[in-house]
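>>> sequence plus the predicted model coming up.
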Amino acid sequence: MRRLAIVAAWLAVGASAPPVVDIAIRGGTLYDGSTRRAVVGDVEIVGGRIAYVGPPRRTPARRVINAQGLVVAPGFIDAHTHPDSYIRSPDPAARANAPWLAQGVSTIVVGVDGYGSPDVARDMKSVVARGVGTNMVPFVGFGAVRGRVLGAAARAPDAIEMGRMRALVAGAMCDGASGFSTGLFYAPQSYATTEEVIALAREVG
């Protein structure tokens, strides 16, 4: 009976013990990306995912990072980047995107200024397969679409060409593009009318 009591007590202690987390970032000033005031607290990570954000607590952790006096925030999003020489580099060190990571940027938007490839799925699959250091949000570009159909022609598209451009934009959105970028200052985009831009933007919507 005595042995049973000891085992029962041990099981009770084990059941109430908090789980061990992989990483605990403790005592930092937390900005959660909302408009709420920053608070001092902890962030806990399990299996590469954030498991807890909140007031300080003493969950056992395999690794503890003391963030007192430091800001802890979600990774920033750079909404206008031209990272092609990095993400397409043969050098893995370049593809790590260190200039962005060093500034706390974890997500970059690619394909800005109308240069985003209509072949979004194939393009992103190729880049990701080789390894890249940040998340990427691809845009399909007006210049790339117009160039695919009209080349460098300084004229309006006919009905068939317009249909092909609309199909390219719609297909890119279905393939994973998150938006439509333009750079109307640059040729051949500068040859387009406002109505042409609106028609392609409708496909995005």
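Good, I have the coordinates. Numbers count the residues shown, from 1 in each chain.
>>> hmm, P19 is touching R57, no?
No - in this structure, P19 is not within contact of R57 by C-beta atoms under 8 Å, at 11.8 Å. C-beta: built from backbone N, CA, C; applies to glycine.
>>> for those two, indicate the residue with more neighbours.
The neighbour comparison of P19 against R57 (other C-beta atoms under 10 Å) goes to R57, with 12 against 9.
>>> quick one, what contacts N66?
By C-beta atoms under 8 Å, 6 or more residues apart in numbering, the contact set of N66 is 26-27.
>>> which strands and helices lie in contact with the biggest strand by length in the chain?
Criterion DSSP state E: the longest strand present in the chain is strand 21-30. The contact analysis (3 or more C-beta pairs under 8 Å, 6 or more residues apart in numbering; DSSP states H and E) places strand 21-30 against strand 39-46, strand 49-54, strand 61-66, strand 71-72.
>>> how close does D84 sit to V127?
Note on D84: its distance to V127, by C-beta to C-beta, to the nearest Å, is 10 Å.
>>> so for these two, which residue has more residues nearby?
Taking neighbours as other C-beta under 10 Å, D84 and V127 compare with V127 leading, 18 against 12.
>>> where does that one land in three-state SS?
Secondary structure, DSSP: H, G, I helix; E, B strand; the rest coil: V127 is helix.
>>> list the buried residues in stretch 177-191.
177-182, 188-189, 191 (16 or more other C-beta atoms under 10 Å).
>>> what about it, distance to the chain center?
Offset of stretch 177-191 from its chain centre (C-alpha atoms, centre = their mean, to the nearest Å): 22 Å.
>>> surely V120 meets M136?
No - judged on C-beta under 8 Å, V120 makes no contact with M136 at a distance of 10.5 Å.
>>> please consider this matter closed, and thank you.
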